[in-house]
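Engineer: I would like to see how this sequence folds:
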Amino acid sequence: MQRLTFIGYLESYIQSLSSINSKSINRLAKEANANFRLREPLFLYALFCGKVELLLRSTNDEGLYSQYHDLTNRYTCKNMLEALETGDESLDRNYHKVYNSYACRRNMPETHSRSKALMHAKIKRLQNEKNVSNYRIYTDLKLNPGNINSYLKTGDVTKVSRDVARRIVQYLGEQF
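Structural biologist: Numbers count the residues shown, from 1 in each chain. Modelled structure (predicted):
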């Protein structure tokens, strides 16, 4: 699975915020006049795609143009990324929100794997305490025996979803 890039995230994010469902900087700049949530992600998208000049030409709102122009003079892609990663307080917090949202989404697979590993440890402890076999778990819960055995015996977190791991924890906590 490919790792999520900042540009890829921004592209999908601005499309989800936009009512026109477009990647056109011209059209998005016109919409950003009224759609305030679109402003920061749009600037970041234009900056990282090298389309800031197009964004500036397309921006009709004086205040928004001024904001974009100031940011263009202060930040290059590299400087902006550094400011976002370090939490530079001179940058508007809405830009940090966009970046933090991206970082959270980018790190989601690792976070899910850690939570499934923690649930695995809890499941093994409950299994030992209550003397419940793998067979009993996957037959009672109607789960795939191969995947459940792999998860329970070796701790292979790729074999189950977080929901399945939660179901097993809940089953062991309630049933016995």
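Engineer: Just list the residues touching the residue most central in space within the chain, thanks.
Structural biologist: A centroid search over the chain (C-alpha atoms, centre = their mean) returns residue 105, at 1.2 Å, as the residue closest to the centre. Taking C-beta atoms under 8 Å, 6 or more residues apart in numbering, we find residue 105 in contact with 4, 9. (Glycine included, C-beta is placed from N, CA and C.)
Engineer: repeat that for 10 Å
Structural biologist: With contacts taken as C-beta atoms under 10 Å, 6 or more residues apart in numbering, residue 105 has the following neighbours: 4, 9, 12, 13.
Engineer: same check, this time on residue 72
Structural biologist: Taking C-beta under 10 Å, 6+ apart as the definition of contact, the neighbours of residue 72 are 43, 46, 47, 52, 53, 55, 56, 80.
Engineer: where's the fourth one relative to residue 124, distance?
Structural biologist: When you say that, I think you mean residue 52. Counting by C-beta to C-beta, to the nearest Å, the gap between residue 52 and residue 124 amounts to 53 Å.
Engineer: Compare the two (neighbour count), which wins?
Structural biologist: Using other C-beta atoms under 10 Å, the more surrounded residue of residue 52 and residue 124 is residue 52, with 21 against 14.
Engineer: Now do that one against residue 69, distance only.
Structural biologist: For residue 52 relative to residue 69 (C-beta to C-beta), the value is 9 Å.
Engineer: ok so, going back, for the contacts of residue 72, which single residue is the most surrounded?
Structural biologist: Each of those was scored for neighbours by other C-beta under 10 Å, and residue 43 scores highest at 28 neighbours.
Engineer: Need the CA coordinates for the strand or helix carrying that one. PDB is fine.
Structural biologist: Residue 43 is part of helix 39-49, with elements assigned from DSSP states H and E. C-alpha atoms of helix 39-49 as PDB (Å, rounded to 0.1, in the frame of the first residue of the first chain):
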ATOM      1  CA  ARG A  39      -9.100  28.700   1.700                       C
ATOM      2  CA  GLU A  40      -6.100  27.200   3.600                       C
ATOM      3  CA  PRO A  41      -6.100  23.800   1.900                       C
ATOM      4  CA  LEU A  42      -6.400  25.500  -1.500                       C
ATOM      5  CA  PHE A  43      -3.300  27.700  -0.800                       C
ATOM      6  CA  LEU A  44      -1.300  24.700   0.400                       C
ATOM      7  CA  TYR A  45      -2.400  22.700  -2.600                       C
ATOM      8  CA  ALA A  46      -1.400  25.500  -5.000                       C
ATOM      9  CA  LEU A  47       1.900  26.000  -3.300                       C
ATOM     10  CA  PHE A  48       2.900  22.400  -3.300                       C
ATOM     11  CA  CYS A  49       1.800  21.900  -6.900                       C
END
